[in-house]
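structure of the sequence below:
(one chain, ligands or ions: 1)
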Amino acid sequence: MGLTKRFRSRTAVDGATLSIPAGTVTGLVGPNGAGKTTLLAMLLGLVRPTSGTASVLGEPVSRPARYLPKVGSLIETPAFHPAVGGRDNLRALAALTGQPPTDLDDLIDLVGLAGRGNDPVGSYSLGMKQRLGIAAALLGDPELVILDEPTNGLDPVGMADVRDIVTTIAARGATVIVSSHLLSELEQMCDWLVILRLGGLLYEGPASGFTDGGAVLRAVPADPAGIAELSRIAVGFGLPVTDDGDGLRIDVAGAEDPCQVAATLNERAHGHGIILRELHIRRPDLQSRYLELVAS
Ligand SMILES: Nc1ncnc2c1ncn2[C@@H]1O[C@H](COP(=O)(O)OP(=O)(O)OP(=O)(O)O)[C@@H](O)[C@H]1O
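Modelled structure (predicted):
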């Protein structure tokens, strides 16, 4: 509630009041300097709030020792011994931090390092080090996993790998908070979104509610002569239809399920002997909405 952090005259987080539901993958998004790391550091008890309160797993952030054993985190670049293998680094870290025994083979497999677990960390690529960092955050099977910009500096394949890992962690039952300055990196894996700018909260809510629908269906008949008939079928759904010369644009924003509209349109078109060469749903562009919000 009203969580605030000031560094001298600079306010890094400004009265943030938010409530992250357990069991979700929450994306914390904001441009550079928005306050993401500071907010996460306060949740981890690493930075003391200037004012306001927050609780993590039901315990106040002023008492981090009560909840930190159930929290795993990757914040900043993790330090590993470069001459030692990934598995042994994890083993040492687990012993050092007093974690309960963890199946290291399973963990190494989960983060996609199977076969490389014994190689010295100094020989790892940036993506592999990042994945080892995520494995370190998962030691002790935490209830809450906090990953600060885990895809920073990774190529698109590395980013997709991290997304898969996050999805697996959540499927195993953990609550995950993951930050990024790119919404496009998070939108495929998050079900809850928190958007920050200059320390202030711009949006908090379900990821699906961020754009409020707005889907558009595009249907193109293989034979251009079929467009008038296709249009008649589409108008029958009671949705706004526009003929763009080549095909139809159907505004399915108000429809309960755009996929169902697409399937029914396809079935009826087929029933009228019309073959569609194109049928797709364009979802609202989250990134544009985000940029609009952040720039306003
Ligand atoms: N220890 C500190 N001392 C002074 N200012 C700080 C400190 N830590 C953060 N700040 C300032 O607080 C603001 C928020 O920084 P923070 O690192 O939390 O943002 P961020 O959203 O994580 O940014 P990035 O995406 O660049 O990592 C910035 O203006 C930053 O300069």
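
could you use CA atoms for every contact and neighbour count after this?
Fine.

check contacts around the residue in the stretch 151-296 of the chain that the ligand sits nearest to.
Distances between the stretch 151-296 of the chain and the ligand by Cα to the nearest ligand atom are smallest at H181, namely 5.6 Å. Contact partners of H181, counting by Cα atoms under 8 Å, 6 or more residues apart in numbering, are V29, G30, P31, N32, E149.

could you rerun that using 6 Å?
V29, G30, P31 (Cα atoms under 6 Å, 6 or more residues apart in numbering).

pull out the buried positions in the longest helix belonging to the chain.
Criterion DSSP state H: the longest helix present in the chain is helix 156-171. For helix 156-171, burial by neighbour count (16 or more other Cα atoms under 10 Å) applies to G158, M159, D161, V162, R163, D164, I165, V166, T167, I169, A170.

need the CA coordinates for that helix. PDB is fine.
Provided in PDB are the C-alpha atoms of helix 156-171 (Å, rounded to 0.1, in the frame of the first residue of the first chain):
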ATOM      1  CA  PRO A 156      15.000 -14.100 -29.700                       C
ATOM      2  CA  VAL A 157      15.700 -17.900 -29.200                       C
ATOM      3  CA  GLY A 158      17.100 -17.200 -25.700                       C
ATOM      4  CA  MET A 159      14.000 -15.100 -24.900                       C
ATOM      5  CA  ALA A 160      11.700 -17.900 -26.100                       C
ATOM      6  CA  ASP A 161      13.600 -20.400 -23.900                       C
ATOM      7  CA  VAL A 162      13.200 -18.100 -20.900                       C
ATOM      8  CA  ARG A 163       9.500 -17.800 -21.600                       C
ATOM      9  CA  ASP A 164       9.200 -21.600 -21.800                       C
ATOM     10  CA  ILE A 165      11.000 -22.000 -18.500                       C
ATOM     11  CA  VAL A 166       8.700 -19.400 -16.800                       C
ATOM     12  CA  THR A 167       5.600 -21.200 -18.100                       C
ATOM     13  CA  THR A 168       6.900 -24.500 -16.700                       C
ATOM     14  CA  ILE A 169       7.700 -23.000 -13.300                       C
ATOM     15  CA  ALA A 170       4.200 -21.600 -13.100                       C
ATOM     16  CA  ALA A 171       2.700 -24.900 -14.300                       C
END
